[in-house]
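Enquirer: my questions are about this predicted structure, shown below with the sequence.
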Amino acid sequence: MAGNIRLQVQDYVAVVTMDRPPVNAQNSEFRQDLIAAFDALTDRDDVRVAILTGTGKMFSAGADMRERPNPDTPGEYWHFNRLAREGFNAIHECAKPVIAAVNGPALGAGLGLVAACDIILCADNAVLGMPEIDVGLAGGAAMLQTLFGRSRARRMFYTGWRVPAEELYRTGVVECCVPLDQLLPEAMKLAEEIAGKSPVGIRYAKQSMNTTMHMPPRDGYRFEQGITVMLSKSEDAQEARRAFLEKRRPVFKGR
């Protein structure tokens, strides 16, 4: 991969590591590399699930403050915002589930990357925060509201409060709070469990989660029923039924 992103694939699990020292600040090149990485994962048959993490003890400190658009240049700020948005969308829209292994602070646009992932695991040195209010900006409310309730999201947005991993775990925002050296093994354990499921089933499962979150319950359940009908005709579904009756592990082919 490009210099800002490292990619390792083994046993159907892709580990995507942000590698832009010292704090994985996101500039235009970083975001383009991230988009390319996750777009490619959608099409790779050797990948069933991805883990997103950072180098060292920093997940991402957010946007690179050294690269600020000029609001007086027509279109420049809109292009900057579009690229930032598509970085998050590339993760959210990736056909494979993405696990955030948050190895340190995830601030501003770093929190945005976390919010775009499907499942969140934290090291005990991690914090989530949206400190835009402290640098004269106001962005990220939509991301906060996917992770936190009304009061907590607004407190964070209005004050820039950085919520520690232990509190995130206590309130059910993340799945674990473990020492840093245990974070990637925990993420790998979960990833391997997901990778052991039917690839076609997991692809449809992510599509279902992403689509129904914006629907009224009645319409969402109807959408899911349609997906169930399609899945029932797949080879993987038939193999799952045979394996259940024969009391053995299924062998999935992803079709």
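Expert: Everything's here; your move. Since the model is a prediction, treat every value here as computed from it, not as a measurement.

Enquirer: per-residue confidence for L121?
Expert: pLDDT for L121: 98.

Enquirer: scratch that, P217
Expert: 88.

Enquirer: tally of neighbours for it?
Expert: 8 (other C-beta atoms under 10 Å). For every residue, glycine as well, the C-beta is placed using N, CA and C.

Enquirer: quick one: the strands in the stretch 1-150 of the chain?
Expert: 5-10, 13-18, 49-54, 98-102, 106-107, 119-123, 127-129 (DSSP state E, counting those that start in this stretch).

Enquirer: can you redo those as TSV with distance to G196?
Expert: TSV is the format used below for those (distance: least, C-beta to C-beta, whole Å):
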stretch	distance to G196
strand 5-10	14
strand 13-18	10
strand 49-54	10
strand 98-102	14
strand 106-107	28
strand 119-123	15
strand 127-129	29
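
Enquirer: for A243, find the nearest of those.
Expert: strand 49-54 (20.3 Å; C-beta to C-beta).

Enquirer: between the strands of the stretch 1-150 of the chain, which one is closest to I227.
Expert: That would be, of the strands of the stretch 1-150 of the chain and by C-beta to C-beta, strand 49-54, which comes in at 18.9 Å.

Enquirer: output the below-cut-off pLDDT ranges for the stretch 1-150 of the chain.
Expert: 1-2 (pLDDT under 70).

Enquirer: let's go with 80 and repeat that
Expert: Counting by pLDDT under 80, the ranges of the stretch 1-150 of the chain that qualify are 1-2, 67-70.

Enquirer: all helices for it, in order.
Expert: Ranges of helices in the stretch 1-150 of the chain, per DSSP state H, counting those that start in this stretch, are 28-43, 76-92, 109-116, 141-147, 150-159.

Enquirer: give me the buried positions along the first one.
Expert: When neighbours are counted by 16 or more other C-beta atoms under 10 Å, the buried residues of helix 28-43 are found to be 30-35, 37-38, 41.

Enquirer: make a markdown table from those and add distance to A153 to it.
Expert: As requested, the buried residues of helix 28-43 are exported to a markdown table (distance: C-beta to C-beta, whole Å):
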| residue | distance to A153 |
| --- | --- |
| F30 | 26 |
| R31 | 24 |
| Q32 | 29 |
| D33 | 30 |
| L34 | 25 |
| I35 | 26 |
| A37 | 29 |
| F38 | 25 |
| L41 | 29 |
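
Enquirer: nearest to M65, of the helices of the stretch 1-150 of the chain?
Expert: helix 109-116 (10.8 Å).

Enquirer: which secondary structure elements does the closest one contact?
Expert: Secondary-structure packing of helix 109-116 (3 or more C-beta pairs under 8 Å, 6 or more residues apart in numbering; DSSP states H and E): helix 76-92, strand 98-102, strand 127-129, helix 141-147.

Enquirer: single out the most deeply packed of the ones you listed.
Expert: strand 98-102 (a mean of 27; mean count of other C-beta atoms under 10 Å).

Enquirer: alpha carbons of that one, as CSV, please.
Expert: Only the C-alpha atoms of strand 98-102 are listed here, as CSV (Å, rounded to 0.1, in the frame of the first residue of the first chain):
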residue,chain,number,x,y,z
VAL,A,98,-14.4,-3.3,10.0
ILE,A,99,-13.3,-3.5,13.6
ALA,A,100,-11.7,-0.4,15.1
ALA,A,101,-8.7,-1.4,17.4
VAL,A,102,-8.3,2.0,19.0
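
Enquirer: what packs against it?
Expert: When contacts are defined as 3+ C-beta pairs under 8 Å, 6+ apart, strand 98-102 packs onto strand 49-54, helix 109-116, strand 119-123, helix 180-195.
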